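Peer 1: Predicted structure and sequence below. I'll ask about it afterward.
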Amino acid sequence: MTLVPFAPTLETDRLILRGPRREDAEAVMAFLMDAERAEGFGHIAERGNAWRWFAMNVGHWHWHGYGYFVIEDRATGTPAGISGIWNPETWPEPELGWVVFDGFEGKGIAYEAAKRARQWAYDDFGLTTLTSNIVPGNDRSKALATRLGARFERVYHNTNMGEDELWRHPGPDEVAS
């Protein structure tokens, strides 16, 4: 298997979605280590393990050709969150995921980034289906999945998160580019 070089850069009116850089590690690790904010994503209490997750995302890009983009606020250049396609070992299938960092909630950033990442996954990368795995109590993610057109499909056991809900996104022929 040939490893891919790295992530493309995608743009929206307000955002730049790009591959993770060394200087993004602190923002991502701060999110992961925040028990309240990262609860529905997978809180990582120890800094070394948060660093390993960040490095794993870099490797995920090389292994799969996709992963989590860093969401950069176009106006300030500040990392605002992560969004992209995630499919580590034990995942049922490729997942469209999103989180925004502290101070960036309620601005539509997660929606804008996830919609753009999904468009890339379908139009440019060639995926034909995507899901979102959502912890049952994460009502904000369920609302965003619904806004993106995803529908609840089933409950399953996620070996990392426990009980999880699988939400199915509309396919490439059902979403506008």
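Peer 2: Okay, I see it.
Peer 1: Which parts of the protein are helices?
Peer 2: Assigned by DSSP state H, the chain shows helices spanning 25-33, 47-64, 109-119, 139-147.
Peer 1: CSV for the ones you listed, including mean neighbour count, distance to L96 and mean pLDDT?
Peer 2: No exception for glycine: its C-beta is placed from N, CA and C like everyone else's. Output for the helices of the chain, formatted as CSV (neighbours: other CB atoms under 10 Å; distance: least, CB to CB, whole Å; pLDDT from 0 to 100):
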stretch, mean neighbour count, distance to L96, mean pLDDT
helix 25-33, 18, 18, 97
helix 47-64, 16, 13, 94
helix 109-119, 22, 5, 98
helix 139-147, 16, 9, 96
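Peer 1: could you redo the ones you listed as CSV and give each row distance to I16?
Peer 2: Below are those laid out as CSV (distance: least, CB to CB, whole Å):
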stretch, distance to I16
helix 25-33, 14
helix 47-64, 16
helix 109-119, 10
helix 139-147, 20
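Peer 1: What sits closest to F125 if chain neighbours are left out?
Peer 2: Y66 (6.1 Å; CB to CB, 6 or more residues apart in numbering).
Peer 1: Which residues are in contact with the one you found?
Peer 2: 7, 60, 84-85, 87, 94, 121, 125 (CB atoms under 8 Å, 6 or more residues apart in numbering).
Peer 1: again, but for G67
Peer 2: 7, 19-20, 57-58, 60-61, 84-86.
Peer 1: hmm, try it at 10 Å
Peer 2: Each residue near G67 by CB atoms under 10 Å, 6 or more residues apart in numbering is listed here: 4, 6-7, 19-20, 56-61, 82, 84-88, 97.
Peer 1: which among the contacts of Y66 gets closest to M161?
Peer 2: Proximity of these to M161 (CB to CB) peaks at N87, which lies at 14.5 Å.
Peer 1: The contacts of Y66, buried ones only, as a PyMOL selection?
Peer 2: Remark: buried members of those, expressed as a PyMOL selection using 16 or more other CB atoms under 10 Å:
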select buried, resi 7+60+84+85+87+94+121
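Peer 1: ok, R52 touching V28?
Peer 2: No. Here R52 lies out of contact with V28, judged by CB atoms under 10 Å, at a distance of 11.5 Å.
Peer 1: still on that earlier bit, keep only those of the contacts of Y66 that are in strands.
Peer 2: Counting by DSSP state E, the contacts of Y66 place 84-85 in strands.
Peer 1: Same list, the contacts of Y66, but as CSV with distance to K107 please.
Peer 2: Shown next, in CSV, are those (distance: CB to CB, whole Å):
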residue, distance to K107
A7, 23
H60, 27
G84, 19
I85, 22
N87, 28
P94, 26
A121, 23
F125, 27
